[in-house]
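>>> have a look at this prediction, sequence included:
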Amino acid sequence: MTAPRRVLIVGVGSIGQRHVRCFLATGRVEVAICETDAEQAERVAGQYPVTAVHRSLDDAVQQGYDAAVICTPAPLHVPQASQLAGAGWHLLIEKPLSTSLAGIDDLLRIVRERNLVAGVAYVHRAHPVLADMRAALDAGRFGPIVQLVAVSGQHFPTYRPAYRQIYYARHATGGGAIQDALTHMLNAGEWLAGPIDRLVADAAHQVLPDVEVEDTVHLIARQGRVLSSYSLNQHQAPNELTLTVVCRDGTARYVAHEGRWLWMTEPGADWQVGQARPLERDELFVLQAEAFLDAVEGRRPPPCSLEAGLQTLRVNLAALEAVRSQSWQSVV
């Protein structure tokens, strides 16, 4: 029997609590938490069988955990990750990686020098259905990719009722639809069709009360030869996400809200099911936790590497600038 890994969840707001219960659900770890808000720390410690509660990261570093999941506001991700990487800890960092490029070169250097596993929590990459579709695309089953169309919508107040009081309300803390939700689609699109190298975008605050950040986004991009478009809003009733990949010899479609992918090669034919596995939301995060722990144990790479998360951060920043300037932006 191998001793369970000791994992620290840094920040136990909504997403941090999800990581607490989903890492515990793997049965492979002991979980401790680090939270500066005393009431929140006490509340979470009362709900889950955590082994320790730390009120500061400096205190937690002294305890020598194996890995950390960083769930604090995005501007804190890189300095906290650098501190923990310097102590030799493996890292899973919530998306987005940051709100700027500051400090990331140093973090990458530390991770490489210490031979650490570091990933960014773009959870769609852990979905076995999307992975199966990607494998079919990579194998050339439908020929080269020529177009990608991503469409998503969700009633954000239903799923994140505290959105007015959390990071979401300000760009500086990682908020707004581009950094909060569209970034998942952009990362998944890059996983399927390669990195975005230039883009233009429009966005606006259309509906959500009591915030001023954008809740609706349209973005078009080039991913090498691939023409792509991404459309998202955070106020419609249906909770849905589709990624359609048009290839020379066929089309593949990931229907996230139904947990399946489809394909078609003959005009006018019926869609064929590639794989179907509907998942509850926590189940997807458990799969992500399992994948991260496998990476720590050297069984496979993390689903989204630090470098891939950095590429999507560059896309986020280019999208925000494209909206501000109403002009095409290169992703650098």
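Ah, there it is.
>>> what's near enough to touch the residue sitting nearest the centre point of the chain?
Centroid check for the chain by C-alpha atoms, centre = their mean gives Y122 as the closest residue, at 2.2 Å. When contacts are counted by C-beta atoms under 8 Å, 6 or more residues apart in numbering, Y122 touches 95, 183-184, 187-188, 303-304, 308-309, 312. Where C-beta positions appear, they are placed from N, C-alpha and C, glycine not excepted.
>>> what pLDDT does the model give it?
With respect to pLDDT, Y122 has a value of 98.
>>> quick one: it from L317, how far?
16 Å (C-beta to C-beta, to the nearest Å).
>>> domain parsing for this structure?
5-123+288-304, 126-277+311-330 (automatic domain parsing).
>>> can you give me the offset of the shortest one from its chain's centre?
Same thing as domain 5-123+288-304. Relative to its chain's centre, domain 5-123+288-304 lies at 14 Å (C-alpha atoms, centre = their mean, to the nearest Å).
>>> start and end of it, how far apart?
21 Å (C-alpha to C-alpha, to the nearest Å).
>>> same check, this time on stretch 117-136
For stretch 117-136, the end-to-end distance is 27 Å (C-alpha to C-alpha).
>>> tell me which residues of that stretch come out buried.
117-127, 129-134, 136 (16 or more other C-beta atoms under 10 Å).
>>> same question for stretch 156-171.
For stretch 156-171, a neighbour-count test (16+ other C-beta under 10 Å) marks 156-157, 160, 163, 166-169, 171 as buried.
>>> what does that stretch rub up against?
13-14, 73-74, 99, 173-176, 179-181, 208-211, 213, 215, 234-235, 239, 320.
>>> do that again at 7 Å, thanks
Defining contact as C-beta atoms under 7 Å, 6 or more residues apart in numbering, one finds that stretch 156-171 is touched by 13-14, 73-74, 173-175, 180, 208, 210-211, 213, 234-235, 320.
>>> what about the residues you listed, which are in helices?
Judged by DSSP state H, the contacts of stretch 156-171 include 14, 74, 320 as members of helices.
>>> Three-state assignment for the closest residue in space to V123 that isn't next to it in sequence, please.
Take V123 and drop its neighbours on the chain: the residue closest to it by C-beta to C-beta, 6 or more residues apart in numbering is Q288, 5.1 Å away. Three-state secondary structure (criterion: DSSP: H, G, I helix; E, B strand; the rest coil) places Q288 in helix.
>>> please enumerate the strands of the stretch 51-200 of the chain.
53-54, 67-70, 90-93, 118-120, 145-153, 198-204 (DSSP state E, counting those that start in this stretch).
>>> now the element after the last one, going C-ward?
Going back to what we said before, that points to strand 198-204. Note on strand 198-204: by DSSP states H and E, the next helix or strand toward the C-terminus is strand 216-223.
>>> output the contacting helices and strands for that following strand.
strand 198-204, strand 226-233 (3 or more C-beta pairs under 7 Å, 6 or more residues apart in numbering; DSSP states H and E).
>>> change it to 8 Å
helix 183-193, strand 198-204, strand 226-233, helix 306-325 (3 or more C-beta pairs under 8 Å, 6 or more residues apart in numbering; DSSP states H and E).
>>> packing partners for the third one?
When contacts are defined as 3+ C-beta pairs under 8 Å, 6+ apart, strand 226-233 sits against strand 145-153, helix 183-193, strand 216-223.
>>> looking at these, which is buried most?
Most buried of these by mean neighbour count (mean count of other C-beta atoms under 10 Å) is helix 183-193; its value is a mean of 24.
>>> turn the strands of the stretch 51-200 of the chain into TSV, columns for distance to H257.
TSV is the format used below for the strands of the stretch 51-200 of the chain (distance: least, C-beta to C-beta, whole Å):
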stretch	distance to H257
strand 53-54	36
strand 67-70	26
strand 90-93	25
strand 118-120	23
strand 145-153	9
strand 198-204	23
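>>> mind checking which of those strands is nearest L293?
Nearest to L293 among the strands of the stretch 51-200 of the chain is strand 67-70 (8.1 Å), distances taken as C-beta to C-beta.
>>> buried sites along stretch 14-33?
15-24, 26, 28-33.
>>> which of those residues fall within helices?
15-24.
>>> which two in the buried residues of stretch 156-171 are spaced the farthest apart?
Among those, P157 and H171 lie farthest apart (C-beta to C-beta), at 19.2 Å.
>>> list buried residues within the contacts of stretch 156-171.
For the contacts of stretch 156-171, a neighbour count by 16+ other C-beta under 10 Å gives the buried set as 13, 73-74, 173-175, 180, 208, 211, 213, 234-235, 320.
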